[in-house]
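Colleague: Generate coordinates for the sequence data below:
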Amino acid sequence: MPLDIDFVRDQFPAFSEPSLKGQAFFENAGGSYACRQVIDRLTRFYRERKVQPYAAYEASHLGGEEMDEARRRMAEILGVETDEVSFGPSTTQNTYVLARAFGQMLKPGDAIIVTNQDHEANSGPWRRLESRGVEIREWTLDPDTGHLPLDGLKNLLDEKVKLVCFPHCSNVVAEINPVAEICALAKSVGAHSCVDGVSYAPHGFPNVGELGADIYLFSSYKTYGPHQGVMAIRRALGEALPNQGHFFNAGSLYKRFTPAGPDHAQVAACAGLADYIDALYAHHHKGDAHPAEKGAAVHDLMRAQEKRLLQPLLDYLAEKNSVRLLGPRQAEGRAPTVAMVLEEPGEIVAAKLAPKGIMAGGGDFYGVRCLKAQGVDPDHGALRVSFVHYTSQEELTKLIEALDDTL
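Modeller: Model (predicted):
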């Protein structure tokens with residue numbers, strides 16, 4: 001059955017919030033609404049279990065159990081082992097810590113491949129390792145289409161390359177990159193892969209195990225949860241990298257890349273993401289299944305709904321001479337994150353849309369290198385409208401009408 005949009009929206013308190021009535025939310029790439037399951041868990045933790053976890057007394061014991069539950073259930077959905085999932089304050093900080101670890105392990109002359117399609121969080125930390133003697137090789141996008149050609153990567157790969165860093169999809173271009181193929185290419189020369197999944201995971205959790213990525217990062221506040229960075233790092237690599245946590249935590253894989261203590265309540269609330277997946281699966285499918293199978297089924301439901309709404313928007317924008325649409329023009333190959341360059345700066349157009357009940361964003365979206373590579377002045381920026389599976393047909397119609405009136 002297709003995604004039941006009414007059931008979905010019932011899971012998000014924002015859609016019954018009076019202060020948001022009449023507002024159509026199209027800045028989901030910057031952060032999504034939180035689902036009820038996450039809000040309930042976060043509220044319960046602060047009300048009943050806001051103590052130091054893992055002690056013998058009841059509140060502490062329950063708090064620690066809920067944190068462990070979040071890690072276990074997210075790992076099951078992602079197709080990795082429980083301790084291969086770690087939480088940090090943000091994906092940006094998780095990547096920063098990773099880069100520090102690689103900087104301590106790599107030798108001068110070793111090479112890292114980065115792209116100019118990335119959000120700066122998965123580019124800048126790696127590029128700074130050049131000061132340590134690491135060679136940085138840039139895999140460049142096509143300036144006309146924003147596409148990352150695989151031949152460009154193949155031309156950069158050799159035995160010196162130790163790591164390939166790239167996005168599952170760009171938060172500006174939004175084309176879905178062939179992650180499994182890229183990871184296999186990296187592995188063929190003995191290199192590891194680091195995938196920035198921040199802009200993809202809101203559209204359905206991937207099975208990291210099947211993709212073959214050594215590292216996969218995303219932000220739970222963009223996947224309907226609290227403000228946390230979630231990282232899956234496969235055991236062999238995680239244990240080979242130098243420990244970045246307290247020395248006495250070196251033997252714990254999920255603690256090796258969290259120098260600061262975890263945010264207990266927000267980690268625990270991430271179990272609500274698994275609750276939400278379970279709720280969607282149970283509503284749309286009969287019987288039970290392994291969490292990874294549920295995640296895959298819900299992923300497909302989300303993507304089908306998004307593609308159904310996205311194609312009319314892309315078709316509308318393609319007909320506008322005043323609009324330069326960044327990224328693919330077909331919904332099949334992209335996420336519903338739509339950046340466009342207009343005559344006026346993106347921030348100005350976003351401000352004009354706000355009184356019409358459209359919540360959108362304008363600017364460079366930390367994709368300065370990506371915009372420059374496509375000949376766009378980052379100071380002028382782009383207008384970006386982004387949605388997810390809970391967006392309704394009525395909201396999309398409202399967006400197109402508002403754009404038509406504004407443009």
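
Colleague: and Thr337, what is it in contact with?
Modeller: By Cβ atoms under 8 Å, 6 or more residues apart in numbering, Thr337 lies in contact with 29, 169, 171-172, 174, 199, 384, 386. Placement of C-beta: from N, CA and C, glycine included.

Colleague: could you dump these to JSON lines with secondary structure, neighbour count and distance to Cys270?
Modeller: As requested, the contacts of Thr337 are exported to JSON lines (DSSP: H, G, I helix; E, B strand; the rest coil; neighbours: other Cβ atoms under 10 Å; distance: Cβ to Cβ, whole Å):
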{"residue": "Ala29", "secondary structure": "helix", "neighbour count": "25", "distance to Cys270": "20"}
{"residue": "Cys169", "secondary structure": "strand", "neighbour count": "25", "distance to Cys270": "22"}
{"residue": "Asn171", "secondary structure": "coil", "neighbour count": "26", "distance to Cys270": "22"}
{"residue": "Val172", "secondary structure": "coil", "neighbour count": "32", "distance to Cys270": "27"}
{"residue": "Ala174", "secondary structure": "coil", "neighbour count": "26", "distance to Cys270": "25"}
{"residue": "Ser199", "secondary structure": "coil", "neighbour count": "27", "distance to Cys270": "19"}
{"residue": "Arg384", "secondary structure": "strand", "neighbour count": "26", "distance to Cys270": "26"}
{"residue": "Ser386", "secondary structure": "strand", "neighbour count": "25", "distance to Cys270": "22"}
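
Colleague: can you list the residues you listed in TSV and add distance to Val323 and pLDDT?
Modeller: Below are these laid out as TSV (distance: Cβ to Cβ, whole Å; pLDDT from 0 to 100):
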residue	distance to Val323	pLDDT
Ala29	18	98
Cys169	21	98
Asn171	19	98
Val172	15	98
Ala174	15	98
Ser199	21	98
Arg384	13	98
Ser386	16	98
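
Colleague: Hmm, Gly64 and Tyr54 touching each other?
Modeller: Yes - under the contact definition of Cβ atoms under 8 Å, Tyr54 touches Gly64, with a separation of 3.9 Å.

Colleague: mind listing the strands for the chain?
Modeller: Listed from the start of the chain, the chain has strands (DSSP state E) covering 24-25, 85-88, 111-115, 135-139, 161-167, 192-196, 215-219, 229-233, 324-325, 337-341, 358-359, 361-363, 382-386.

Colleague: Identify the farthest-apart pair in the contacts of Thr337.
Modeller: Within these, two members stand farthest from each other by Cβ to Cβ: Cys169 and Arg384, at 13.5 Å.

Colleague: Identify, by residue count, the longest helix of the chain.
Modeller: In the chain, taking DSSP state H as the definition, the longest helix is helix 291-318.

Colleague: Counting by contacts, list what that helix packs against.
Modeller: If contacts are counted by 3 or more Cβ pairs under 8 Å, 6 or more residues apart in numbering; DSSP states H and E, helix 291-318 sits against helix 58-78, helix 271-284, strand 324-325, strand 337-341, helix 393-406.
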